[in-house]
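Participant: quick one: sequence plus predicted model below, questions after.
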Amino acid sequence: MKLAVARISIFHNPRHPLVFRGVASSEARHMTRYLLLTLLAMTSTAGAVVIRDDVPDLQYRMAESEFPALADLPGEGHGVLIEPQWVLTAAHAVTWQNAVDAVVVGGTPRAVRRVVLYPGYKKLPQSLIDAMMKSDDPTAVTRFLASSDDIALIQLAQPVHDVAPVRIYSGSEPGQLMRVMGRGATGNGAEGHCPHGPNRTDLRHGYNRIDTAEGRWIGYRFDRSPDAHPLEAAAGNGDSGGPILIAVGNEWQVAGITSWKLVEGSVANFRPGRYGQTNYGVRLAHYREWIADTIAAGGAAEAAR
């Protein structure tokens, strides 16, 4: 049975009564939080990428100055500056929060004017979550989330002049070397994410190769040596909304947004971040027209103010 990991945001509910089999309630809350990293809303929000177990962690560390267009959302989660006044992110990374009043770009807090969700975005109903946890069958949740549109735009109150926006990639994606980054939950492919670790840590990056790109999604697999990249990595819990980058010459362009994981096995036994898991990101080519129209409408509204 295959499971698409659900959004972290849906389990930021302290009243949720879930208890995993043989697991104390406090641990169940930790496991629930990382378990549903983001299923169509993954890749999940904030954090360090998950790395190889045979490569020192320090080799994955990166300075913020290496990619200043990365945006930090409040608490956890990321986005990427694609226009001076617009940050692209995952819808689930913003909808779990009461409000997104500011994001950090280039180390500076930037006030937010508004958040625009894609019209097709659907929040996962609690009833489906409860049924999945009771039955250990993720089929209905997977079907629901796989049809969602996990993308949002954040309009800033003022344009950013000290950080260059990142262009959206327009080429073919399958087979391309890609780069992910984030401050989310860390871990390695042999052990997976640490269930008690924080979802905002040091900034890390890593690489992978895109396996599939169709419709809404870009997919890539977290491989182990000898098939892995020297800095093979996958997005971690807390990395949701972060960019999936492809190099065009000397320029990194954004092709996707970290969203969710597909996992084999039961919900109760699943541990995200292990080798062999497939990660999915929102494929921006599918949403190019909506992105352009939303930004154009926002610019027209600004001019009329």
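Facilitator: Yep, it's here. Computed from a predicted structure; not experimentally measured. Residues are numbered from 1 along each chain as shown.

Participant: longest strand in this structure, by residue count?
Facilitator: The strand that spans the most residues within the chain, counting by DSSP state E, is strand 251-264.

Participant: which outside residues touch the very next helix or strand once past that one?
Facilitator: Downstream of strand 251-264, the next assigned helix or strand under DSSP states H and E is strand 278-283. Outside strand 278-283, the residues that touch it by C-beta atoms under 8 Å, 6 or more residues apart in numbering are 4, 40, 42-43, 90, 149-151, 173, 208, 211, 213-222, 234-235, 244, 255-262. Where C-beta positions appear, they are placed from N, C-alpha and C, glycine not excepted.

Participant: pull out the buried members of these.
Facilitator: By neighbour count, with 16 or more other C-beta atoms under 10 Å, these hold 4, 40, 42-43, 90, 149-151, 173, 208, 213, 216-222, 234-235, 244, 255-262 as buried.

Participant: mind checking which helix or strand of this protein has the lowest mean pLDDT?
Facilitator: helix 25-35 (a mean of 38; mean pLDDT, DSSP states H and E).

Participant: please compute how far the longest strand of the chain lies from its chain's middle.
Facilitator: Relative to its chain's centre, strand 251-264 lies at 7 Å (C-alpha atoms, centre = their mean, to the nearest Å).

Participant: report the inter-axis angle for it versus strand 278-283.
Facilitator: With axes from the mean of the first three to the mean of the last three C-alpha atoms, to 10 degrees defining the directions, strand 251-264 sits at 130 degrees from strand 278-283.

Participant: quick one: average pLDDT of strand 251-264?
Facilitator: The pLDDT scores in strand 251-264 average 88.

Participant: keeping just the C-alphas, turn that strand into CSV.
Facilitator: Written as CSV, here are the backbone C-alpha positions of strand 251-264 (Å, rounded to 0.1, in the frame of the first residue of the first chain):
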residue,chain,number,x,y,z
GLU,A,251,21.7,30.7,-12.9
TRP,A,252,19.5,28.7,-10.5
GLN,A,253,15.9,28.8,-11.6
VAL,A,254,12.9,27.5,-9.7
ALA,A,255,11.0,24.6,-11.2
GLY,A,256,9.0,23.4,-8.3
ILE,A,257,7.9,24.0,-4.7
THR,A,258,8.5,21.3,-1.9
SER,A,259,5.1,19.7,-1.1
TRP,A,260,4.7,16.0,-0.2
LYS,A,261,6.1,12.4,0.1
LEU,A,262,4.8,9.1,-1.2
VAL,A,263,5.5,6.3,1.2
GLU,A,264,5.1,2.5,1.1
